[in-house]
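# For reference, the sequence and a predicted model appear below.
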Amino acid sequence: MDSNKRPDSMARITTKELADAFIEEQIAAVRAQVGDKKVLLALSGGVDSSVVAALLIKAIGKQLICVHVNHGLMRKGESENVIEVFRNQLDANLIYVDATDRFLNLLAGVSDPETKRKTIGAEFINVFADEARKLDGVSFLAQGTIYPDILESIKQAEGKEAVKSHHNVGGLPEDLDFELVEPIKLLFKDEVRVVGEALGLSHEMVYRQPFPGPGLGVRCLGAITRDRLNALREADAILREEFDINGLAEKVWQYFVVVPDMKSVGVKDDSRYVGWPAIIRAVNTTDAMTATIEEIPYAILGKITARITSEVKGINRVLYDITPKPTGTIEWE
Ligand code: XMP
């Protein structure tokens with residue numbers, strides 16, 4: 001039987017009871033597969049890797065070694081949250097790598113979006129491989145592969161091109177010859193969330209909006225600079241806070257700030273104030289292939305604008321992108 005094919009008889013996991021049964025099954029399967037060996041996992045803090053981490057902590061405890069790489073392109077508070085949940089609350093074996101300088105130095109002056117993506121993807125593998133080589137006796141690599149990833153790679157193998165190159169941890173150097181552990185590879189995203197909640201992960205973590213692998217790197221348009229990246233991170237945090245306060249976070253599929261590499265003149269405290277614009281994007285979709293924009297009430301847009309322009313150094317205007325996909329993609333790069 002092809003282990004990458006979801007059996008027709010497999011029931012859709014929609015309830016806690018079904019999720020509990022799946023978890024028990026996977027715990028037994030993982031224990032049988034890895035025995036007393038160590039398993040490595042790149043833990044980004046996204047839904048899929050978080051669910052795999054929580055499942056494997058249950059199955060094999062400290063035999064799991066999680067590596068969280070902060071590429072310097074995370075949203076505000078994100079790496080801290082990964083440490084809090086997995087190291088402090090779930091007592092995981094977690095290695096935290098702050099690789100901000102490695103990534104930002106490599107990205108300096110790189111403005112082409114696909115080159116940025118490839119640079120970030122390749123460096124991610126380098127950093128992760130460096131950590132893996134420091135460890136003894138690791139035989140397995142766990143991955144948060146889910147069923148749509150498998151379906152997507154079948155499509156690509158058939159010659160249909162993806163619009164943008166996405167990355168995950170696959171493709172490690174040959175000296176790191178791990179056997180894969182992929183406990184959620186037959187699940188669809190909605191099922192992964194049900195399993196995540198059954199494992200005790202917070203609703204917020206399990207239902208968080210998608211965040212691209214290259215992170216804020218593709219939202220700090222053109223060549224990334226630290227000051228503009230910081231402005232983007234702060235403006236994005238304000239947007240997220242206001243979406244939470246105003247009940248939009250639960251409703252909108254994906255929302256974020258983009259900061260282009262251009263400035264305009266403005267005025268602040270009676271002086272000329274040259275700054276970047278912060279562009280808000282807030283979209284709804286079911287499959288990310290097409291998207292509509294959220295009609296954010298003007299009063300909320302006004303408050304967000306007032307906060308961003310007064311609290312974030314370097315931003316003097318806020319724009320709202322009302323372009324659906326098509327013609328705009330969800331991300332700007
Ligand atoms: P686009 O911009 O193509 O985005 O309309 C569709 C969805 O994919 C996400 N996205 C990415 N995810 N690596 C990822 O892991 C990437 O390089 C990447 N580019 C876009 C985007 O956030 C949206 O949810």
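Thanks, I have the structure now.
# From here on, just use CA atoms for contacts and neighbour counts.
Fine.
# quick check: longest helix of this structure.
For the chain, the helix with the greatest residue count under DSSP state H is helix 113-134.
# Can you list the strands that whatever helix or strand comes next after that one pairs with?
Next along the chain after helix 113-134, taking DSSP states H and E as the criterion, comes strand 138-142. Paired with strand 138-142 in the same sheet, following DSSP bridges, are strand 38-42 (parallel), strand 179-181 (parallel).
# Now the longest helix of the chain: buried residues?
113, 116-117, 119-125, 127-129, 131-132 (16 or more other Cα atoms under 10 Å).
# and the angle for that helix with strand 38-42?
Helix 113-134 runs at 160 degrees relative to strand 38-42, counting by axes from the mean of the first three to the mean of the last three Cα atoms, to 10 degrees.
# Check the offset of helix 113-134 from the chain's centre.
Relative to its chain's centre, helix 113-134 lies at 15 Å (Cα atoms, centre = their mean, to the nearest Å).
# cool, and stretch 20-37?
Computed by Cα atoms, centre = their mean, the chain-centroid distance of stretch 20-37 equals 26 Å.
# Let me know the average pLDDT across it.
Average pLDDT, stretch 20-37: 98.
# Repeat that for stretch 246-261.
Stretch 246-261 comes out at a mean pLDDT of 98.
# Repeat that for stretch 323-333.
The pLDDT scores in stretch 323-333 average 98.
# for stretch 196-211, same thing?
Mean predicted confidence for stretch 196-211 is 96.
# CA atoms only for it, dumped as PDB, please.
C-alpha atoms of stretch 196-211 as PDB (Å, rounded to 0.1, in the frame of the first residue of the first chain):
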ATOM      1  CA  GLY A 196      -3.800  20.200  17.800                       C
ATOM      2  CA  GLU A 197      -6.600  21.200  20.200                       C
ATOM      3  CA  ALA A 198      -7.100  17.600  21.400                       C
ATOM      4  CA  LEU A 199      -3.300  17.700  22.200                       C
ATOM      5  CA  GLY A 200      -3.900  20.700  24.400                       C
ATOM      6  CA  LEU A 201      -2.400  23.400  22.200                       C
ATOM      7  CA  SER A 202      -4.200  26.800  22.500                       C
ATOM      8  CA  HIS A 203      -7.000  27.800  20.200                       C
ATOM      9  CA  GLU A 204      -4.900  30.800  19.300                       C
ATOM     10  CA  MET A 205      -1.900  28.700  18.200                       C
ATOM     11  CA  VAL A 206      -3.900  26.100  16.300                       C
ATOM     12  CA  TYR A 207      -6.100  28.600  14.400                       C
ATOM     13  CA  ARG A 208      -3.300  31.200  13.800                       C
ATOM     14  CA  GLN A 209      -3.300  32.700  10.400                       C
ATOM     15  CA  PRO A 210      -0.800  31.300   7.800                       C
ATOM     16  CA  PHE A 211       2.600  32.900   7.800                       C
END
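# re earlier: and the strands paired with strand 138-142: which comes nearest the ligand?
For the ligand, the closest of these is strand 38-42, at 13.9 Å, according to Cα to the nearest ligand atom.
# contacts for the closest one?
Here strand 38-42 makes contact (Cα atoms under 8 Å, 6 or more residues apart in numbering) with 49, 53, 63-69, 128, 132, 137-143, 169.
# hey, where'd the helices end up in the stretch 1-150 of the chain?
With DSSP state H, counting those that start in this stretch as the criterion, the stretch 1-150 of the chain has helices at 16-34, 47-60, 78-82, 100-107, 113-134, 147-157.
# what's the longest one packed up against?
Spelled out, it's helix 113-134. strand 64-70, helix 100-107 (3 or more Cα pairs under 8 Å, 6 or more residues apart in numbering; DSSP states H and E).
# Which of the three states applies to Arg272?
strand (DSSP: H, G, I helix; E, B strand; the rest coil).
# So for Thr323, which of the strands paired with strand 138-142 sits nearest?
Ranking the strands paired with strand 138-142 by distance to Thr323, with Cα to Cα as the measure, places strand 38-42 first at 34.5 Å.
# Could you see whether the ligand lies near that closest one?
No. Using Cα under 6 Å from any ligand atom, strand 38-42 stays clear of the ligand, with a minimum separation of 13.9 Å.
# tell me which element Asp175 is part of?
Secondary structure from DSSP H and E places Asp175 outside every helix and strand.
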